[in-house]
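*Asks:* What would the 3D arrangement of this be:
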Amino acid sequence: MAASLLALCLLIGAAPTRAAALDAGGAGFQDVPSNAYYADAVSWALEENITNGTTATTFSPDDTVTREEAVTFLWRATGRPEPESTVSIFSDVTNRSAYSYDAILWASEEGLINGVGGGR
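*Replies:* Residues are numbered from 1 along each chain as shown. Prediction:
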């Protein structure tokens with residue numbers, strides 16, 4: 001299941017808005033044609049609040065998904081489980097109000113990530 005979710009995450013774009021996204025046909029983004037092989041996946045991810053567009057009218061399907069975004073997509077797809085800890089073990093993950101903070105804590109606890117070394 002994790003492999004399937006990761007594959008989905010790699011197909012879909014990134015982070016911040018969503019308001020007009022489902023209004024305009026296909027997934028509702030200018031850069032996601034309704035006949036694109038990934039249009040249904042984008043629509044599903046939007047409807048399930050797994051991701052948003054990069055703007056109100058773009059999704060940026062050709063952008064690279066960051067590790068932070070991929071972990072957040074997986075976390076959201078699994079129902080946003082609460083991590084056991086509230087303190088990050090990573091020295092570069094310190095902003096508790098970041099959209100990815102709980103996702104990173106959870107993924108670390110689940111053994112899905114272990115950082116890049118040096119406490120990062």
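*Asks:* C-alpha from now on. contacts and neighbour counts both.
*Replies:* Noted.
*Asks:* So which residue is dead centre in this protein?
*Replies:* Phe73 (3.0 Å; C-alpha atoms, centre = their mean).
*Asks:* For Gly119, see how far away that one is.
*Replies:* Distance from Phe73 to Gly119, counting by C-alpha to C-alpha, to the nearest Å: 23 Å.
*Asks:* What of Glu109?
*Replies:* Glu109 is 15 Å from Gly119, by C-alpha to C-alpha.
*Asks:* Just want to know which of the two has more residues nearby.
*Replies:* Glu109 (15 against 12; other C-alpha atoms under 10 Å).
*Asks:* Show the contacting residues for the more buried one.
*Replies:* Pro83, Glu84 (C-alpha atoms under 8 Å, 6 or more residues apart in numbering).
*Asks:* ok, now how distant is Thr54 from Phe29?
*Replies:* From Thr54 over to Phe29 (counting by C-alpha to C-alpha), the distance is 10 Å.
*Asks:* Run a quick neighbour tally on Thr72.
*Replies:* Residue neighbour count, defined by other C-alpha under 10 Å, stands at 25 for Thr72.
*Asks:* what helix or strand does the residue nearest to the centre of the chain sit in?
*Replies:* Phe73 belongs to helix 67-77 when elements are defined using DSSP states H and E.
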